[in-house]
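*Asks:* Model the structure of this input:
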Amino acid sequence: MRRRRKGLLSGLHRERGNVGDVLMMGMMVLAMAVVMMTFLDLIQLVQKKADVRQLSRQYLLEMETVGFLPASSAEGLKKELARLGAEEISLDGTTLRQASFGEVITLKISGKLGGSYEFCEVRTSTAKY
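*Replies:* This next block holds a predicted model:
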């Protein structure tokens, strides 16, 4: 008569598997990979939008001291936005001529991120020069 060993693994025994179970598990892993990749792409867009927001704040502070957005600063802003991956950049609605002390100045940046996500960042302040 054979004696069974008693130990930690004595209660485990091998059951016959089903190909359907393995296939289902593989499909679930694949679906989770797709969800994770999509999530990472969306996080990158959110980060780029946050970078655009920070850049707009930086240029608005400059506009406050000058009273408008000079052409050289506008070109610098467009270059930095392009470096972030923005396309079809427009500054329509931005204060481009001298504003008097205390007047409202506006910085409006619009374009596309990632080729499809449209953004519009509008910031207002007063001229403080």
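*Asks:* can we go C-alpha only for contacts and neighbour counts from here?
*Replies:* Noted.
*Asks:* which parts of stretch 114-129 are buried?
*Replies:* For stretch 114-129, a neighbour-count test (16 or more other C-alpha atoms under 10 Å) marks 120, 122-128 as buried.
*Asks:* just stretch 81-97 next, same as before
*Replies:* Burial within stretch 81-97, assessed by neighbour count using 16+ other C-alpha under 10 Å, is assigned to 81, 84, 86-87, 89, 91, 94-96.
*Asks:* which residue ranges form the strands in this protein?
*Replies:* Along the chain, the stretches classed as strands by DSSP state E are 86-90, 104-113, 117-126.
*Asks:* Which one of the ones you listed lies nearest to residue 67?
*Replies:* strand 104-113 (7.2 Å; C-alpha to C-alpha).
*Asks:* Can you add distance to residue 52 and give the strands of the chain back as TSV?
*Replies:* As requested, the strands of the chain are exported to TSV (distance: least, C-alpha to C-alpha, whole Å):
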stretch	distance to residue 52
strand 86-90	9
strand 104-113	9
strand 117-126	8
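*Asks:* Could you identify the most distant pair in the buried residues of stretch 114-129?
*Replies:* The two members of those with the most space between them (C-alpha to C-alpha) are 120 and 128, at 24.6 Å.
*Asks:* just to revisit the earlier point, reformat the buried residues of stretch 81-97 as JSON lines; add distance to residue 19 and pLDDT.
*Replies:* Output for those, formatted as JSON lines (distance: C-alpha to C-alpha, whole Å; pLDDT from 0 to 100):
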{"residue": "81", "distance to residue 19": "52", "pLDDT": "96"}
{"residue": "84", "distance to residue 19": "47", "pLDDT": "93"}
{"residue": "86", "distance to residue 19": "48", "pLDDT": "94"}
{"residue": "87", "distance to residue 19": "49", "pLDDT": "95"}
{"residue": "89", "distance to residue 19": "53", "pLDDT": "96"}
{"residue": "91", "distance to residue 19": "59", "pLDDT": "96"}
{"residue": "94", "distance to residue 19": "63", "pLDDT": "92"}
{"residue": "95", "distance to residue 19": "67", "pLDDT": "93"}
{"residue": "96", "distance to residue 19": "68", "pLDDT": "92"}
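*Asks:* Perfect, that will be all.
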